[in-house]
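Asks: sequence and predicted structure are below.
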Amino acid sequence: MKPVPLSATSQKPFVPWMGWLRVIAMFLVCVCHAGDPLSAFGTPAEKLWIEIYGSFVRPCVPLFVMLTGALLLPTQEDFGGMVRRRVTRVVLPFLVWTAVYAALPWVLHSSGVAVETIQKVFFPFAAPLHTDAASIVRTFFLSLFQFNQYAVQLWYVYLLVGLYLFMPILSAWLREATLRAKVTFLGLWGVTLLLWYWPLLLDALLRTSFGAAFLSDYAVRFLGAPTIDLAKTVSYDLYPILGACDWNACDGLYMFGGFVGYLVLGHVLKDVRLPLARTLAVTVPLLLVGYAIVGFGTHWMWNRPGCTLKAAEYFWWYCSVPVAMMSAALFLVIKHLNWAPAPILGLLKDFSKCGFGVFCSHYVFVTGVYFILRPFLPIPVLVPVSALLGLCITWGIISALDRLPGVRRFIG
């Protein structure tokens, strides 16, 4: 049966727990970015708080994807309808905010702000920092291929567009699939999440006499050496498995991997109905175990000699088992927040309208608040407070702009 495009005027009733989920996920994103200046310029002792906070907020992006799956799957829109109603609605704000962020270093520097201050306050990981007018054009056109160093949060938009384009295809299967089929898919997806830790298993095996003998041919053929250095080269794509090789980046389970699993997970968990006590009995262990793996794993990796920036985020990978455990746990708990008093409900509805604009623009507000409050607050308080205030300021600005005629389509 051919999908029927939805009417442009059709609207689903507002679901309070989905509003809470948007706000909570966005706050977790802000906590993640509030730690960026600390990660770039903090002392080793201060960076311990990045391990603590950064490890806990890893479900932020998976929660957004799960919410998308819960809201839209299975979609009744065909491919053309998805492009018209979903893709075009995010592409224009994406281009606008890309241009804003590309121009911001030049604007600030032209206003007399020192390059060192611009980098320290707003763009801690931008290297080199371009402040000439010509670089704005280059930076903007880079967004046609990849997000730029000033708007790192916009990496998610590329992912979101890809998920939108795949939804009509995925929905055709979901409408016919049984619950067992969906769970089977999630099981295979779970295997791909486990494969992310193949380098750790390989490293452990190569350190034993039996493992070294058993895997010596693999190590020599595919790694070029009998051992590996996790501190410098830990990255799943460097250790081919299940048919992946120099001329094939897609292993045997590639088609089950990635964020599409979170789409299906959100679609399935949306219909799970459990009492609160039973939900907590299931989710609290999931959350704690997942957090322990991510947190202690990150601490272990960060303290390895010569650890690279890429290796440092190995346990923060979104598509990994512990992060999926945490994401599912938070999703199920937040589903019980299905009520709010009228004033709060109005705020949740407002955030649902302008949340995408908040996501696209929040970065400099969060890091700016962090810089202002840095002399006055201890690190354990500074990170969440900067995230909360940065979120509120961004939300207030975007909500005000959203009320201007014709502005919403440009800012999200």
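Replies: In hand now; what should we look at?
Asks: where in the stretch 201-350 of the chain is pLDDT low?
Replies: Within the stretch 201-350 of the chain, the ranges that satisfy pLDDT under 70 run 229-233, 236.
Asks: for residue 399, see how far away residue 367 is.
Replies: According to Cβ to Cβ, to the nearest Å, residue 367 and residue 399 sit 21 Å apart. (C-beta placed from N, C-alpha, C; glycine too.)
Asks: what about the two, which has more around it?
Replies: Regarding residue 367 and residue 399, a neighbour count based on other Cβ atoms under 10 Å identifies residue 367 as having more, with 23 against 16.
Asks: other SSEs contacting the host helix or strand of residue 385?
Replies: Element membership for residue 385, per DSSP states H and E: helix 379-402. In terms of contacts (3 or more Cβ pairs under 8 Å, 6 or more residues apart in numbering; DSSP states H and E), helix 379-402 is packed against helix 16-34, helix 44-56, helix 342-373, helix 408-411.
Asks: and the third one, what's buried?
Replies: Neighbour-count burial for helix 342-373, counted by 16 or more other Cβ atoms under 10 Å, picks out 348, 350-351, 354-370, 373.
Asks: of the helices and strands packed on helix 379-402, which is nearest residue 146?
Replies: Closest approach to residue 146 among those (Cβ to Cβ): helix 342-373, 16.2 Å.
Asks: could you say what helices and strands the closest one packs with?
Replies: helix 16-34, helix 36-41, helix 88-110, helix 115-121, helix 379-402, helix 408-411.
Asks: looking at those helices, which is buried most?
Replies: Sort the helices and strands packed on helix 342-373 by mean neighbour count, taking mean count of other Cβ atoms under 10 Å, and helix 16-34 sits at the top with a mean of 22.
Asks: and that one, how far out from the chain middle?
Replies: In terms of Cα atoms, centre = their mean, to the nearest Å, the centre of helix 16-34 is found 11 Å from the chain centre.
Asks: measure how it sits relative to helix 342-373, angle-wise.
Replies: Helix 16-34 runs at 0 degrees relative to helix 342-373, counting by axes from the mean of the first three to the mean of the last three Cα atoms, to 10 degrees.
Asks: quick one: mean pLDDT for helix 16-34?
Replies: Mean per-residue pLDDT for helix 16-34: 97.
Asks: may I have that helix as CSV, with CA atoms only?
Replies: Output in CSV follows, covering the C-alpha atoms of helix 16-34 (Å, rounded to 0.1, in the frame of the first residue of the first chain):
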residue,chain,number,x,y,z
PRO,A,16,3.9,15.9,27.9
TRP,A,17,6.6,13.3,28.4
MET,A,18,7.9,13.9,24.9
GLY,A,19,8.2,17.6,25.8
TRP,A,20,10.1,16.7,29.0
LEU,A,21,12.3,14.4,27.0
ARG,A,22,13.2,17.3,24.6
VAL,A,23,14.1,19.6,27.4
ILE,A,24,16.1,17.0,29.3
ALA,A,25,18.0,15.8,26.3
MET,A,26,18.8,19.5,25.4
PHE,A,27,20.0,20.1,28.9
LEU,A,28,22.3,17.1,28.6
VAL,A,29,23.7,18.5,25.4
CYS,A,30,24.4,21.8,27.1
VAL,A,31,26.2,20.1,30.0
CYS,A,32,28.3,18.3,27.4
HIS,A,33,29.3,21.6,25.8
ALA,A,34,29.7,23.5,29.0
